[in-house]
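Novice: Sequence below, structure please.
(2 chains)
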Protein chains: 2
Amino acid sequence: MIKNLQIKEPTLLLDREKVLRNIKRMSEKAKKSGVIFRPHFKTHQSKKIGSWFRDFLIDKITVSSLNMALYFSEDNWQDITVAFPVNLREIEKINYLSSKITLNLLVESVESVRFLKSELKNPVNIFIKIDTGYKRTGVFPQNIDIIDKILEETQKSDLLEFKRFLTHAGHTYKAKSVKEIKEIYKETVRILRELKSRYIKDFPDLILSIGDTPSCSVVENFEGVDEVRPGNFVFYDVQQLELGVCNSDDIAVCMACPVVAKHKDRKEVVIYGGAVHFSKDYAVDKKGNIKYGYLAEFDGEKWDMKDKCCYLKSLSQEHGILKTCDYHFERLKIGDIVFILPAHSCLTANLMKSYMTLEGILIKD
Amino acid sequence: MIKNLQIKEPTLLLDREKVLRNIKRMSEKAKKSGVIFRPHFKTHQSKKIGSWFRDFLIDKITVSSLNMALYFSEDNWQDITVAFPVNLREIEKINYLSSKITLNLLVESVESVRFLKSELKNPVNIFIKIDTGYKRTGVFPQNIDIIDKILEETQKSDLLEFKRFLTHAGHTYKAKSVKEIKEIYKETVRILRELKSRYIKDFPDLILSIGDTPSCSVVENFEGVDEVRPGNFVFYDVQQLELGVCNSDDIAVCMACPVVAKHKDRKEVVIYGGAVHFSKDYAVDKKGNIKYGYLAEFDGEKWDMKDKCCYLKSLSQEHGILKTCDYHFERLKIGDIVFILPAHSCLTANLMKSYMTLEGILIKD
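Specialist: Numbering: from 1, shown residues only, chains lettered A, B, ... in the order given. Got it, this is the predicted structure:
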């Protein structure tokens, strides 16, 4: 059990039971749906936490950079998708990794495929990124000529194998309701299936891969696709909570931060915990207000968020300003620790670099 | 000279000449005004860059955490102000540091002073944080009873010495014009001087310390105060540029990022460089639009921003979306490097952890 007094500066707590429960739930849904579960490891970026997925028979993963692929390959992950448009400047890393593991690269342009064709030393799998409406990256499904050209170039090389159409329907993060998330999912699947039916004759092993945590959390089964790659679900956070795709009880990480000042006139508590700990990303609540996190209560064994009465309203480099209700304002003293569910767990974990489990074990790698 | 081809992933470039020019300008203004220049090192967080200040005879510095104070004390900085409400949980670090260096701590409550009085092992200087209108931290100047109580407690201890009133007029960051910044500065000085005249009889060595880069950059001299503690000015950034307190040519750091995709329909270029590199902080331009950075051009020796035609419009964990003009859209190819002036250099530097100078030297510490 973690001792409150051990915490001297901003610390990212991790509830291992909740993490395992989140993995189990997603893993079972994927299994029931008969799809490959290829979790995105960019959320935790930890070999230790990654190893917990092995108990659920996961052997394929997703990452968002070649550096992350290198890191996890060191821990014997043998089938890694880099879900990011291939960075030609890192061809040396690509050639190194592809000599060790099954490396899956994303492409969305003929130029990138041509470059790979001329520079690759080992086989890699090619996933074509499709834009199903997020408008960040990917080929629009109606741009059949680009897809055809990519496939044509791919087939000219013995080292490139076209494997799947992949999408990240990130526009679910802007959805106003769970219903809207489900509609986006439905439309995403429809678009991908149309592509599949067009190309399945030439590529009988072609599979469809989808990604985002909101969709993967709210749909009941993954009928119609072949692979899911959610990442954030392992921890969840206040962004997902406000989207309505998780409960506060599902949030598996929590920041513990010292109280350094109190301001009665505006019912604000100043904490040691700022943008360099939480990141400046935020959630937007149902009324359109910006929230950098919500206060939870910690009984020495578990944290729990009873209501949303206290929230992080702003962050400077090292300071956080917690807006409180009367009850918590009176309760909290300078020198106390507050427990805060973060707005965006991926970016908070990226900054904090380590986790303290509720058993008091430090996870640094 | 740095070779474009050396850059394979997001890299923070640093123009040493610009850094030295920024330090020189602020240092000379402080000298001319007859005030102490105690630069804030939270922006660069680097011993190497910190050492450049020594050529300007700087021997007193500001940091924003005890960890940062520890780090710089290792490099023989002997007089350090931790410009953050004292964190009681770190009393061991305080006792260690105060045995080695002149340690200046910020207080804004009687509770904190009482705690220090009972736990301190060595002398420290006490700075009372005054809130001159930012409403983040500090005692309001009208709360004379709190100030009196803090002073009373301070005087009961041989280890606590009251030294100065300190403020950070961070509301200058919300100013709509340089004129407004100057008005905030004037009002800040007026408030602090009123306090000084009230307490000078009992504390004849009492000095007034101000902080923010916007004020320190736009006022012509620091008449009326005794110490200045700006930090961001060493690099500046797009936030300061949009505030009108620096020129684009003053911005001394620039992100170099690979181009990984292009989208002609929306004139967007996708770069490898996201929230884990830039941070999610942003600048707001004159029209109220959010900008995560501006494109600069690099001729192999220097970068230069001719106009604001291309800007970072959004950031995901690893992706950045650069909105471009026709000219730059056509010019930029997949595999090229783009050069981007960051919105908030402090947070970008905090994430990047290292700098590459234009001479090709890596600064990692």
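Novice: Rounded mean pLDDT for the lengthiest helix in chain A, please.
Specialist: Longest helix of chain A, by residue count under DSSP state H: helix A:178-199. Helix A:178-199 shows a mean pLDDT of 96.
Novice: ok, residues contacting the next helix-or-strand element following it?
Specialist: The first helix or strand that comes after helix A:178-199 along the chain, using DSSP states H and E, is strand A:207-210. Under the contact criterion CB atoms under 8 Å, 6 or more residues apart in numbering or on different chains, strand A:207-210 has outside partners A:36, A:38, A:81, A:127, A:163-169, A:185, A:188-189, A:192-193, A:195-196, A:216, A:222, A:224-229. No exception for glycine: its C-beta is placed from N, CA and C like everyone else's.
Novice: ok, back up a step: what packs against the longest helix of chain A?
Specialist: helix A:144-155, strand A:160-166, strand A:207-210, helix A:213-218 (3 or more CB pairs under 8 Å, 6 or more residues apart in numbering or on different chains; DSSP states H and E).
Novice: And the longest one, what's buried?
Specialist: Read that as helix A:144-155. For helix A:144-155, burial by neighbour count (16 or more other CB atoms under 10 Å in any protein chain shown) applies to A:I147, A:I150, A:L151, A:E153, A:T154.
Novice: Output these as JSON lines; include the columns pLDDT and distance to A:V234.
Specialist: Shown next, in JSON lines, are the buried residues of helix A:144-155 (pLDDT from 0 to 100; distance: CB to CB, whole Å):
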{"residue": "A:I147", "pLDDT": "97", "distance to A:V234": "32"}
{"residue": "A:I150", "pLDDT": "97", "distance to A:V234": "32"}
{"residue": "A:L151", "pLDDT": "97", "distance to A:V234": "34"}
{"residue": "A:E153", "pLDDT": "96", "distance to A:V234": "36"}
{"residue": "A:T154", "pLDDT": "96", "distance to A:V234": "32"}
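Novice: Same list, the residues you listed, but as CSV with distance to B:E318 please.
Specialist: Shown next, in CSV, are the buried residues of helix A:144-155 (distance: CB to CB, whole Å):
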residue, distance to B:E318
A:I147, 24
A:I150, 22
A:L151, 26
A:E153, 25
A:T154, 24
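Novice: So which of the residues you listed is the closest to chain B?
Specialist: A:I150 (12.4 Å; CB to the nearest CB).
Novice: didn't that closest one look like it was pressed against A:I128?
Specialist: Yes: proximity of A:I150 to A:I128 meets the contact threshold set by CB atoms under 8 Å, at 5.9 Å.
Novice: Now do the shared contacts for these two.
Specialist: Contacts common to A:I150 and A:I128, judged by CB under 8 Å, 6+ apart, are A:V107, A:E108, A:V139.
Novice: A:R229 and chain B, how far apart?
Specialist: 14 Å (CB to the nearest CB, to the nearest Å).
Novice: On the pLDDT front, check that residue for me.
Specialist: At A:R229, pLDDT is 98.
Novice: for A:E301, same thing?
Specialist: 89.
Novice: can you check A:I2 too?
Specialist: 61.
Novice: Any idea which of the helices and strands packed on helix A:178-199 gets closest to B:Y327?
Specialist: Proximity to B:Y327, assessed across the helices and strands packed on helix A:178-199 by CB to CB, is greatest for helix A:144-155 (23.6 Å).
Novice: Could you tell me the angle between the closest one and helix A:178-199?
Specialist: 60 degrees (axes from the mean of the first three to the mean of the last three CA atoms, to 10 degrees).
Novice: Show the contacting residues for the closest residue to A:F298 other than its chain neighbours.
Specialist: The shortest distance from A:F298 to any non-neighbouring residue, by CB to CB, 6 or more residues apart in numbering or on different chains, is to A:F339 (4.5 Å). Shown in contact with A:F339 (CB under 8 Å, 6+ apart): A:L13, A:C254, A:M255, A:A256, A:L295, A:A296, A:E297, A:F298, A:W303.
Novice: Please parse chain A into its domains.
Specialist: A:4-12+A:246-363, A:40-230 (automatic domain parsing).
Novice: My read is that A:G360 contacts A:L13, right?
Specialist: No: judged on CB under 8 Å, A:G360 makes no contact with A:L13 at a distance of 10.1 Å.
Novice: and these two? which has more neighbours close in?
Specialist: A:L13 (20 against 10; other CB atoms under 10 Å in any protein chain shown).
Novice: dump the residue contacts of that one.
Specialist: A:I2, A:V253, A:C254, A:M255, A:A256, A:W303, A:F339, A:Y355, A:M356, A:T357, A:L358.
Novice: A:C309 too?
Specialist: A:L295, A:T324, A:C325, A:Y327, A:H328.
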